[in-house]
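> Below: sequence and its predicted model.
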Amino acid sequence: MNLINFSNRLILAVLATLPLTTKADNVWSYHQEIDNLSNQSFSYAQSPLPLPGLYDYLRLELVCKGNSLQATIEANDLITSQSKRFNVDYQIDKMPAISISMKTLPDSKRKGYTEEYAKKLAEDILTGQTLFIHVNTIIRTVLSSSLPLTNADLAVKQVLSDCKLSASNESKATYSLAEFEQQFSQLSLDKQQRVLAELKKIMADIK
């Protein structure tokens with residue numbers, strides 16, 4: 001056996017011991033595709049799947065097609081009959097939950113969409129780190145999932161740009177917890193203590 005063949009076999013052996021899922025699987029992704037029926041191009045931001053066994057299978061997408069923004073949600077389980085409305089509750093981090101209405105597709109009992117609340121949902125996603133979803137089904141059960149918002153800002157902003165949309169001024173002005181934590185971690189220990197002292201005063205005033 002020559003050295004090259006031995007090296008190749010060694011690499012394959014090491015790769016075989018690595019887990020099949022990677023950290024990249026746990027982030028939002030941006031995609032561009034072409035509808036085979038209409039030959040129309042569209043783009044979408046797709047959520048990662050929840051960890052198996054902990055939550056129900058729910059996948060969220062924000063889709064730009066024909067300059068129209070749409071939010072879709074797909075489940076493995078029955079949501080309701082085709083072309084029927086159902087309620088979805090979502091929560092960003094520890095903010096108050098928001099209830100919206102979606103409608104199943106004409107050919108699916110497990111996939112629904114909304115255009116009315118799509119932009120609001122997209123803007124809210126840009127403000128947090130974790131998205132909690134509850135889908136109320138026809139059989140009065142609740143499908144639940146927790147989706148990380150890692151890389152969501154890049155994917156979602158690209159889809160908004162494709163639809164010639166941008167986050168509202170209110171959303172842009174919001175100082176998110178993620179931004180604070182990132183900037184706080186870059187401060188010196190002395191500056192961190194000063195920031196915490198000021199926050200303590202503010203929280204005391206709120207009480």
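Received the coordinates, thanks. Numbers count the residues shown, from 1 in each chain.

> lowest-confidence helix or strand of this protein?
helix 3-16 (a mean of 43; mean pLDDT, DSSP states H and E).

> Sheet-wise, list the partners of whichever helix or strand comes after it with their directions.
Scanning forward in sequence from helix 3-16 by DSSP states H and E, the next helix or strand is strand 29-34. Taking DSSP bridges as the criterion, strand 29-34 forms sheet pairs with strand 41-46 (antiparallel).

> in the partner strand, what counts as buried?
Residues 42, 43, 44, 45, 46 are the ones in strand 41-46 that count as buried (16 or more other Cβ atoms under 10 Å). C-beta here means a position set from N, CA and C on the backbone, and glycine is covered the same way.

> Stretch 89-107 now?
Quick answer for stretch 89-107 (16+ other Cβ under 10 Å): 90, 91, 92, 102, 103, 104.

> What is the nearest of those residues to residue 152?
Set against residue 152, the nearest of these by Cβ to Cβ is residue 92 (10.5 Å).

> Relative to residue 56, how far out is that closest one?
Residue 92 is 19 Å from residue 56, where distance means Cβ to Cβ, to the nearest Å.

> Counting neighbours, what do you get for residue 142?
12 (other Cβ atoms under 10 Å).

> and if you look at residue 125?
25.

> Enumerate every residue touching it.
Residues near residue 125 by Cβ atoms under 8 Å, 6 or more residues apart in numbering: 62, 92, 131, 149, 152, 153, 156.

> where does residue 83 fall, phi/psi-wise?
phi 60, psi 30 (degrees, to the nearest 10).

> Confirm for me that it is in contact with residue 109.
No. Between residue 83 and residue 109 there is no contact under Cβ atoms under 8 Å: 9.9 Å.

> more neighbours, these two?
residue 109 (18 against 13).

> ok, the more buried one to residue 66 distance?
25 Å.

> mind listing what residue 82 touches?
For residue 82, the contact set (Cβ under 8 Å, 6+ apart) comprises 104, 105, 106, 107, 108, 109.

> now the first one, nearest residue through space, not along the chain?
The shortest distance from residue 104 to any residue other than its chain neighbours is 4.7 Å, reached at residue 112 (Cβ to Cβ, 6 or more residues apart in numbering).

> In terms of helices and strands, where is that neighbour?
Counting by DSSP H and E, residue 112 is found in strand 111-114.

> Look up phi and psi at residue 157.
phi -60, psi -30.

> how many neighbours does it have?
Look at residue 157: counted by other Cβ under 10 Å, it has 17 neighbours.

> and it, how far is that from residue 28?
11 Å.

> next one: residue 87
Where residue 28 is concerned, residue 87 sits at a distance of 24 Å (Cβ to Cβ).

> can you check residue 126 too?
Counting by Cβ to Cβ, the gap from residue 126 to residue 28 is 11 Å.
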